[in-house]
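> sharing a model prediction with you, sequence too.
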Protein chains: 2
Amino acid sequence: MNPSTANIEEAILSAILAGRIAPGTRLGEQKLADLFSVSRTRVREAMMRLETRGVVQVSARRGWYVVEPSAEEAREAFHTRRVIETGLLHTVRDISPKALGSLKEHVAAERAAIESGDVGSRACLLGDFHIHLADVLGNRLLTEIIRDLTARTTLISMLYQPTEKAEESSHDHEDIVAALEARDFERAASLMAEHIDNVEAGLDLDTKPDPLASLRELLSPSTFAGSPPSMPHAHTHGAPHAQPSSQRTKD
Amino acid sequence: MNPSTANIEEAILSAILAGRIAPGTRLGEQKLADLFSVSRTRVREAMMRLETRGVVQVSARRGWYVVEPSAEEAREAFHTRRVIETGLLHTVRDISPKALGSLKEHVAAERAAIESGDVGSRACLLGDFHIHLADVLGNRLLTEIIRDLTARTTLISMLYQPTEKAEESSHDHEDIVAALEARDFERAASLMAEHIDNVEAGLDLDTKPDPLASLRELLSPSTFAGSPPSMPHAHTHGAPHAQPSSQRTKD
DNA sequence: CTCTTCAAGCTTGCATACAAGTTTCGTGAG
DNA sequence: CTCACGAAACTTGTATGCAAGCTTGAAGAG
């Protein structure tokens, strides 16, 4: 089957949401075209759409790159999420048992992923919680907006998140769902504001993101047989974060 | 100078925001290409971007059309605006004198436009208030989101708004700014919720929008010399709104 | 050895050509 | 007069070709 523009768009976006594509990744038109077995035209359309959604950027005649949000843009993204998600919880008047049930299931899945140590699905689920929330409490339009914002946030976390806080996030989610179950939407909104603040506070927005992160990963100890080598001698100026990216997670 | 894709996109979006393009308007690629003196490729890019922003839609091999939101979509749009705009006012902690001043100026401009009877700039200003608010209280990202939502709302008003309520809207805006001046952000948020509810309540979402609106406008009394003719005999089934569209406004 | 210059290769930007489907309008049958 | 049919005109969908600019690496000067 021939993938449509929407398929390509969705494939890239969900890969970003799952944390499988790092910020700054180059997405060549021809390579993607080969990968999806379509012509560059289709790929270009998808990239253009993704650009208006704020997840990729084109650098003239150099290529398409997954966005690397600046500290300022990161703050804007979190501010926007705080506004929208607290607005949602503050506006909601009631919640159906079905919606509540699916949220509970989601949180349970989060905990399971954390306990089993499944880093990939864990990161995906933590971001997905917010999308799921918009889905059951809001509407399609709102869900789409939150989805794009979550993609942004995921990329931000990959760039600026020095420490792992999956458990705290999941716990926050749990509390929010508990407040929803008690129909205390005010409290849910406050908890959400706190939660988003926590996540933002867990970032290191003052240190410039490491431009060599991908290189460093390629040269990480596990790549070699036994002895962890010292970092390459030259060009190691300003390396703020030492963690391999697998320890990072979003949200 | 050769208009870029972004120029075309912006030209169309601002025309929609100003109420100069009606929902359902067909936007032919070739016509736009001629108009802007570029090839279809550039136009297509712009349309594609506008499609992801939710203001136009493509009907396969038939053409691009300015969206005609369904009643359901209209409700979603208003719900989303209520969530975001009350969320914004609820989140804000302070407002600078400069921001307050520019909002006051804006409301004054609204009143002036209403009193002078300048329908065009009036409609534009009423929608712009919300964008302006996001601009001074929020951030660029939020402003962009609100802008797209306002475009949607403008189109919705053109489809479903049977009566003129410019004065009420402007008065609501005034009250909101007054609450902001008093630093009573809770109150501002409530007023905003009320305001958006008012606007939505002023719509007639239950009656199907008139598919003959544009035709009817072409045949409106002012087009002819003196005598207002009766409507054309055939094909006048189900005409919910009788007002010429110039009486309608958004927001 | 270092720095500069330049050419080759690669990538996107843009236009155009053709394919595929839709609409419209004229023609002819009933 | 009405309806059905079909061809012509028109519109978007997609691929492709060439132009323009960026990157890189090699060669040469100092």
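That came through, no problem.

> which parts of chain A sit against DNA strand C?
Within chain A, the positions adjacent to DNA strand C are A:27-30, A:40-41, A:44, A:58, A:60-64 by CB under 7 Å from any atom of the strand. (Glycine included, C-beta is placed from N, CA and C.)

> what do you get if the cut-off is 10 Å, keeping everything else the same?
Within chain A, the positions adjacent to DNA strand C are A:26-33, A:39-41, A:43-44, A:47-48, A:51, A:58-65 by CB under 10 Å from any atom of the strand.

> show me just the buried residues among these.
A:27, A:29, A:32, A:33, A:43, A:44, A:47, A:48, A:51, A:64 (16 or more other CB atoms under 10 Å in any protein chain shown).

> please state the backbone phi and psi of the first one?
It refers to residue A:27. Backbone torsions of residue A:27, given as degrees, to the nearest 10, read phi -120, psi 90.

> tell me which element the closest residue in space to it that isn't next to it in sequence is part of?
Nearest in space to residue A:27, with sequence neighbours left out and distances taken as CB to CB, 6 or more residues apart in numbering or on different chains, is residue A:64 at 4.5 Å. Element membership of residue A:64 [criterion: DSSP states H and E] is strand A:63-66.

> from the contact counts, what lies against that strand?
Strand A:63-66 sits against strand A:26-27, strand A:56-59, with contacts defined as 3 or more CB pairs under 8 Å, 6 or more residues apart in numbering or on different chains; DSSP states H and E.

> can you redo these as a markdown table with distance to residue A:206?
Listed next are those as a markdown table, based on distance: least, CB to CB, whole Å:
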| stretch | distance to residue A:206 |
| --- | --- |
| strand A:26-27 | 27 |
| strand A:56-59 | 23 |
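
> possible to save those strands as CSV with distance to DNA strand D and mean pLDDT?
Formatted as CSV, the helices and strands packed on strand A:63-66 follow (distance: least, CB to the nearest atom of the strand, whole Å; pLDDT from 0 to 100):
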stretch, distance to DNA strand D, mean pLDDT
strand A:26-27, 10, 96
strand A:56-59, 7, 97
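
> which of these sits closest to residue B:153?
Nearest to residue B:153, of all these, is strand A:56-59, at 28.2 Å by CB to CB.

> and the helices in the stretch 101-250 of chain A, which stretches?
In the stretch 101-250 of chain A, the helices defined using DSSP state H, counting those that start in this stretch lie at A:119-137, A:140-160, A:166-181, A:185-201, A:213-218.

> now do the contacts for the closest residue to chain B within chain A.
Closest contact between chain A and chain B, by CB to the nearest CB, is at residue A:87 (2.1 Å). Contacts for residue A:87 (CB atoms under 8 Å, 6 or more residues apart in numbering or on different chains) come out as B:82, B:83, B:84, B:85, B:86, B:87, B:88, B:90, B:91.

> which of those residues come close to DNA strand D?
Cross-checking the contacts of residue A:87 against DNA strand D (CB under 10 Å from any atom of the strand) gives no overlapping residues.

> domain assignment for chain A?
According to automatic domain parsing, chain A comprises the domains A:5-66, A:71-201.

> closest to residue B:128 out of the contacts of residue A:87?
Nearest member of those to residue B:128, counting by CB to CB, is residue B:85, at 13.8 Å.

> what about the residue positioned nearest the centre of chain A, distance to residue A:23?
Nearest to the mean C-alpha position of chain A, counting by CA atoms, centre = their mean, stands residue A:154 at 1.8 Å. Separation of residue A:154 from residue A:23 (CB to CB, to the nearest Å) stands at 9 Å.
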